[in-house]
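Novice: Need coordinates for the following:
(4 chains)
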Number of protein chains: 2
Amino acid sequence: MKQKAPTLEMVAAHAGVSRATVSRVVNGAPTVNPEVAETVRRSIDALNYVPNRAARSLASHRSQSIALVVPETANKVFADPFFASVIQGVAMELSPTDYTLNMIIESESQAPKTRRYLMGGNVDGVLVISHHFGDRSWEAISDTLPVVFGGRPLDRGDVEHYYVDIDNVAAARMGVQRLVDLGRKHVATIAGPQDMPPGVDRLQGWRECLVAAGLEPGPAEAGDFTSESGLEAMERILATDQPIDALFAANDQMAIGAYTALRRAGLRVPEDVAVVGFDDSYFSASVDPPLTTVRQPLVGMGATMARTLVQLIEGRDASRATILDAGLVVRTSA
Amino acid sequence: MKQKAPTLEMVAAHAGVSRATVSRVVNGAPTVNPEVAETVRRSIDALNYVPNRAARSLASHRSQSIALVVPETANKVFADPFFASVIQGVAMELSPTDYTLNMIIESESQAPKTRRYLMGGNVDGVLVISHHFGDRSWEAISDTLPVVFGGRPLDRGDVEHYYVDIDNVAAARMGVQRLVDLGRKHVATIAGPQDMPPGVDRLQGWRECLVAAGLEPGPAEAGDFTSESGLEAMERILATDQPIDALFAANDQMAIGAYTALRRAGLRVPEDVAVVGFDDSYFSASVDPPLTTVRQPLVGMGATMARTLVQLIEGRDASRATILDAGLVVRTSA
DNA sequence: TTGTAAGCGTTATCAG
DNA sequence: CTGATAACGCTTACAA
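Specialist: Prediction:
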């Protein structure tokens, strides 16, 4: 039953032309007589021909495939809505193109293998989603292939990377401003890890906004973006016994962790403590009370990364940094 | 700067052997003199050689790549922990192998294109994660390529598919049994969509368990696995004014939706209504109160799917159905 | 155990 | 505008 796939040659025979012509039609070359092209197209349909990628890339030196590298980092890769949503955006953007998405989960141990695979001409470009920084191994690859990062990479070194991100400082300011506008005077924050840009930038935005409003920054504790760490950080903040009437969390997961700590402490949201999160994760509308949060266009970021990379691959130029807009989503918690 | 990748031929020259020999070493053929093999390996390292996939698959008629097809179904693909976790399992399992993961988001509109791509010899096997059923288009593909499903496909037709799943009926019974053991007498359920196996099976398990315990099944309302639908279903259940002291939700997202409805109705969890969810999604431990739930080994399911497919591809045989164990995770809500 | 040589299905370079 | 014909980098009988 297993029918062998028809080849270009068979189509050529069927249409009574040369393989070269069929190839031209398949690739939409402009220099083909319309009538001939039509005949060829009919033969293609008749035989249900599908080009063979392997042969095509061997001959053209293009793989038509794009690698998406994500760090294995425990098994939290997908637990983090950040990754999941960005990946979704990439996949959807690429879906209608001729590029194939090659997902690579990079465990620390086999990073070298990955690097060689990428440089071995097996992909046309690389998308890197990472919260890691100071990883200079990408510089060599950037030298060989177009690489686009999700989230601003640490700018050490002379290489300017391509990346798409939001302005985390400004976005955080926007979230904190909501709290200030509500008349809150004692705004605490649960910051993200201080060894990665989003963590640092959002903390900075919080501080800047408060200072600009003439308020004294409240207590700040850092978490690792998991809800457990949010719960713990909130407990530490409460333990300081400083007056608190508002909280800005560097992501939604930590915000819901804080919800639990607040509830246990007998504090109501938003009456006693108004809470603003960050990300607008898909669950933030369905927690109780619905979380007011700074929206990050994650799926859009993924799509933009993919679009940028394709541009680079196809020789068109693209801007080094694409900064997408963040926005405030007001719900009930603040 | 862009250094051309070294070819097999260059390695052969460097090592002073024929290309065939290098090929044998690369592919781990047993018929190679150990010393020669060692020399070749050294040359490979020295030149930093990486085989070219395109050439390799063109010559061997194997693509060494596996397609992972997920339905686009709105943009909820990744919002659903089910997909995210299964995909993660697949990716991690494949990561150390020579197979490449080819993610395809299939939008209804271009299903035909996808099908032709798959049948055009571009992949060695297909993994399908779908909640859809009655889709017979896979039967033709199963005829050409090994296909493994995530979740039992609807068994219409004469083709027996390969799939990995859990026993949803038994798993649901296990969750409801917890409620029964707690002495609850009025167990309601929020079921999943009734046009897909998990939805139907979990509802059946709920009923079976209750009947076996000599209890009258409480009210049942169906949702669509989103937390919003869970909230609404819970409201409908409460509106029936039937006495309720326990709830079994067909997934965790609907369970947390129900939390909100219960809280609004002034009901406490678990004191007034004990709640058991399903999936053990990554957020279920961090909601308040922590959710008791039926754990589904999602990442393991993904890994198993990948492993099964590779076995099939490599000619070893595998069992048609692999049923993984589910378990009860007891937290605070029940 | 190793080498020779014939493909694998396209693209690309030239003539025509 | 179209058709030969040589690559592309590797695998794989078949010989040696």
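Novice: And the strands in the stretch 101-250 of chain A?
Specialist: Counting by DSSP state E, counting those that start in this stretch, one finds strands in the stretch 101-250 of chain A at the ranges A:125-129, A:147-150, A:162-166, A:187-191, A:220-222, A:246-249.
Novice: Need those in CSV (columns: mean neighbour count).
Specialist: Quick note: C-beta positions are derived from backbone N, CA and C, even for glycine. Output for the strands of the stretch 101-250 of chain A, formatted as CSV (neighbours: other Cβ atoms under 10 Å in any protein chain shown):
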stretch, mean neighbour count
strand A:125-129, 24
strand A:147-150, 25
strand A:162-166, 23
strand A:187-191, 29
strand A:220-222, 18
strand A:246-249, 31
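Novice: so which of the ones you listed gets nearest DNA strand D?
Specialist: DNA strand D lies closest to strand A:125-129 among those, at 18.5 Å (Cβ to the nearest atom of the strand).
Novice: okay if I get the strands of the stretch 101-250 of chain A as TSV plus mean pLDDT?
Specialist: As requested, the strands of the stretch 101-250 of chain A are exported to TSV (pLDDT from 0 to 100):
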stretch	mean pLDDT
strand A:125-129	92
strand A:147-150	92
strand A:162-166	93
strand A:187-191	98
strand A:220-222	97
strand A:246-249	98
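Novice: These into JSON lines, with extra columns for distance to DNA strand C?
Specialist: As requested, these are arranged in JSON lines below (distance: least, Cβ to the nearest atom of the strand, whole Å):
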{"stretch": "strand A:125-129", "distance to DNA strand C": "17"}
{"stretch": "strand A:147-150", "distance to DNA strand C": "23"}
{"stretch": "strand A:162-166", "distance to DNA strand C": "25"}
{"stretch": "strand A:187-191", "distance to DNA strand C": "51"}
{"stretch": "strand A:220-222", "distance to DNA strand C": "52"}
{"stretch": "strand A:246-249", "distance to DNA strand C": "51"}
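Novice: Include distance to B:Tyr162 when you put those into a markdown table, please.
Specialist: Below are those laid out as a markdown table (distance: least, Cβ to Cβ, whole Å):
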| stretch | distance to B:Tyr162 |
| --- | --- |
| strand A:125-129 | 31 |
| strand A:147-150 | 35 |
| strand A:162-166 | 39 |
| strand A:187-191 | 46 |
| strand A:220-222 | 47 |
| strand A:246-249 | 44 |
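Novice: Any idea which of these gets closest to B:Val294?
Specialist: Closest to B:Val294 of the strands of the stretch 101-250 of chain A, according to Cβ to Cβ: strand A:246-249, at 30.1 Å.
Novice: Check whether stretch A:11-29 comes near DNA strand D.
Specialist: Yes - for stretch A:11-29 and DNA strand D, the contact criterion (Cβ under 7 Å from any atom of the strand) is met by A:Val17, A:Ser18, A:Arg19, A:Ala20, A:Thr21, A:Arg24.
Novice: Show me the helices in the stretch 201-334 of chain A, by range?
Specialist: Taking DSSP state H, counting those that start in this stretch, the helices of the stretch 201-334 of chain A run over residues A:227-239, A:252-264, A:298-313.
Novice: between the residues of stretch A:11-29 next to DNA strand D, which has the most around it?
Specialist: Within the residues of stretch A:11-29 next to DNA strand D, neighbour counts (other Cβ atoms under 10 Å in any protein chain shown) peak at A:Thr21, which reaches 22 neighbours.
Novice: Which residues are in contact with that one?
Specialist: Residues in contact with A:Thr21 (Cβ atoms under 8 Å, 6 or more residues apart in numbering or on different chains) are A:Ala12, A:Ala15, A:Val32, A:Val36, A:Val40.
Novice: Could you check how far the second one is from B:Pro6?
Specialist: Counting by Cβ to Cβ, to the nearest Å, the gap between A:Ala15 and B:Pro6 amounts to 39 Å.
Novice: Show me where the stretch 101-250 of chain A dips below the pLDDT cut-off.
Specialist: Within the stretch 101-250 of chain A, the set of residues satisfying pLDDT under 70 comprises A:131-136, A:155-159.
Novice: Stretch A:92-106: how far from the chain's middle?
Specialist: Distance, stretch centre to chain centre, for stretch A:92-106: 13 Å (Cα atoms, centre = their mean, to the nearest Å).
Novice: Could you count how many residues lie near the residue lying closest to A:Ile323 once chain neighbours are set aside?
Specialist: Once flanking residues are discounted, A:Ile323 sits nearest to A:Asp167: 5.5 Å by Cβ to Cβ, 6 or more residues apart in numbering or on different chains. Residues within reach of A:Asp167, counting by other Cβ under 10 Å, total 16.
Novice: and A:Leu324, what are its bridge partners?
Specialist: A:Leu324 forms beta bridges with A:Ile166, as assigned by DSSP bridges.
Novice: Also A:Val70?
Specialist: With DSSP bridges as the rule, A:Val70 is bridged to A:Ile105.
Novice: mind checking pLDDT for it?
Specialist: What the model reports as pLDDT for A:Val70 is 84.
Novice: wait, what's in contact with it?
Specialist: So A:Val70 contacts A:Val77, A:Phe83, A:Ile87, A:Met103, A:Ile104, A:Ile105, A:Glu106, A:Ile129, A:Ser130 (Cβ under 8 Å, 6+ apart).
Novice: Excluding chain neighbours, give the residue nearest to the fifth one in space.
Specialist: So the one you mean is A:Ile104. Spatial nearest neighbour of A:Ile104, chain neighbours left out: A:Val69 (4.9 Å); criterion: Cβ to Cβ, 6+ apart.
Novice: How about the third one?
Specialist: Among residues not flanking A:Ile87 along the chain, A:Gly302 sits closest, at 6.2 Å (Cβ to Cβ, 6+ apart).
Novice: quick one, what contacts that neighbour?
Specialist: Taking Cβ under 8 Å, 6+ apart, we find A:Gly302 in contact with A:Ser85, A:Val86, A:Ile87, A:Gln88, A:Gly89, A:Val90, A:Ala91, A:Met92, A:Glu93, A:Gly150.
Novice: Quick check: the two most widely separated of the residues you listed?
Specialist: Using Cβ to Cβ, the contacts of A:Gly302 span at most 14.7 Å, a distance reached by A:Met92 and A:Gly150.
Novice: what sits against A:Ser63?
Specialist: So A:Ser63 contacts A:Ser57, A:Gly121, A:Asn122, A:Val123, A:Asp124, B:Arg53, B:Ala54 (Cβ under 8 Å, 6+ apart).
Novice: my guess is the second one meets A:Arg62, correct?
Specialist: No - the pair A:Gly121 and A:Arg62 fails to qualify as a contact (Cβ atoms under 8 Å) at a distance of 9.4 Å.
Novice: quick one: which of these two has more around it?
Specialist: Taking neighbours as other Cβ under 10 Å, A:Gly121 and A:Arg62 compare with A:Gly121 leading, 20 against 17.
Novice: Distance-wise, check that one relative to A:Ser60.
Specialist: For A:Gly121, the distance to A:Ser60 (Cβ to Cβ) stands at 12 Å.
Novice: go on, A:Ala261?
Specialist: From A:Ala261 to A:Ser60 the distance is 58 Å (Cβ to Cβ).
Novice: got the contact list for the residue of the stretch 201-334 of chain A found nearest DNA strand D?
Specialist: DNA strand D sits closest to A:Ile313 of the stretch 201-334 of chain A, with a gap of 18.3 Å, by Cβ to the nearest atom of the strand. By Cβ under 8 Å, 6+ apart, the contact set of A:Ile313 is A:Ile66, A:Asp124, A:Gly125, A:Pro146.
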